[in-house]
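Enquirer: got a predicted model here, sequence first, then my questions.
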Amino acid sequence: MSNRIYVALDTPDLERAKTLAARVRHHVGGIKLGLEFFMANGRSGVHEMHDLGLPIFLDLKFHDIPNTVAKAIMALRGLEPAILTVHAAGGRAMLEDAKAAAPLGTKVVAVTTLTSLDGSDLKSIGVNGDPHEQVLRLTELAMTSGVDGIVCSGEEVGAAHKLWPKGFFVVPGVRPPNGEVGDQKRIVTPRAALDAGASILVIGRPITGAEDPDTAARAIEATL
Ligand SMILES: O=C(O)c1cc(=O)[nH]c(=O)n1[C@@H]1O[C@H](COP(=O)(O)O)[C@@H](O)[C@H]1O
């Protein structure tokens, strides 16, 4: 893929999602649709976005017992997104069953440690060690469970890539220099994320929240 930006269209409004996608389509390589969009628009919404002709990353972050996750993924049949997400913390059996349930052409990527969490957040949920250690622990698990890759921040992607040279690395929490951070805690610039080994970048508000999303997307694209 030449353009490695997936724009996160985090909106429940189908028309807004379509308008945004149409505006930025020449400056991104794909579209990410998440829980907000899926809860409001369901399968038919995903189909409509698919008709725009860009690859779809369906980010539903499944995290449940293996049987439930596998059945949920099977229930998506017919959508066949390019990428879908599960939480690595669901454990080995869940990751294996998620991959087995996914269509052949869909990459299953495991979220390691959300980019909105820092070391003290991890401590408060009983995870010993800093985000770096936790990401590497879950990268090893993902790699040996047969999924295609992981989601991590740009701060860890270099080490994760070294551990798993053939993995597919999704990096959100990406901000242009001086960009508004919002609820993210582990952020890097788009260029730094790619240099460190990201396969694709997930970028939402820096594009969708801009007054002129096409100009914002073009400006980010120009730095890559
Ligand atoms: O799986 C994701 O895409 C994801 C994982 C993660 O650790 N952090 C994270 O921000 N995301 C998603 O990436 C997008 C980031 O959006 P912005 O912060 O607006 O760029 C959102 O759609 C999040 O759901």
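Expert: That came through, no problem.
Enquirer: which ones are touching the residue of the chain found nearest the ligand?
Expert: Nearest to the ligand, among the residues of the chain, is residue 204, at 2.6 Å (Cβ to the nearest ligand atom). C-beta coordinates here come from the backbone N, C-alpha and C atoms, glycine included. Shown in contact with residue 204 (Cβ atoms under 8 Å, 6 or more residues apart in numbering): 7-10, 32, 172.
Enquirer: could you list which of these also contact the ligand?
Expert: 8, 10, 172 (Cβ under 6 Å from any ligand atom).
Enquirer: now the two most distant members of the contacts of residue 204.
Expert: 9 and 172 (13.4 Å; Cβ to Cβ).
Enquirer: enumerate the residues of the protein near the ligand.
Expert: So the chain meets the ligand at 8, 10, 34, 59, 85, 111, 114-115, 151, 172-173, 182, 184, 202-206 (Cβ under 6 Å from any ligand atom).
Enquirer: which of those fall within strands?
Expert: Applying DSSP state E to the residues of the chain next to the ligand, the entries found in strands are 8, 34, 59, 85, 111, 151, 202-203.
Enquirer: got CSV for those, with pLDDT and neighbour count too?
Expert: Shown next, in CSV, are those (pLDDT from 0 to 100; neighbours: other Cβ atoms under 10 Å):
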residue, pLDDT, neighbour count
8, 98, 23
34, 98, 19
59, 98, 25
85, 98, 25
111, 98, 23
151, 98, 30
202, 98, 23
203, 98, 27
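Enquirer: kind regards, and thank you for your time.
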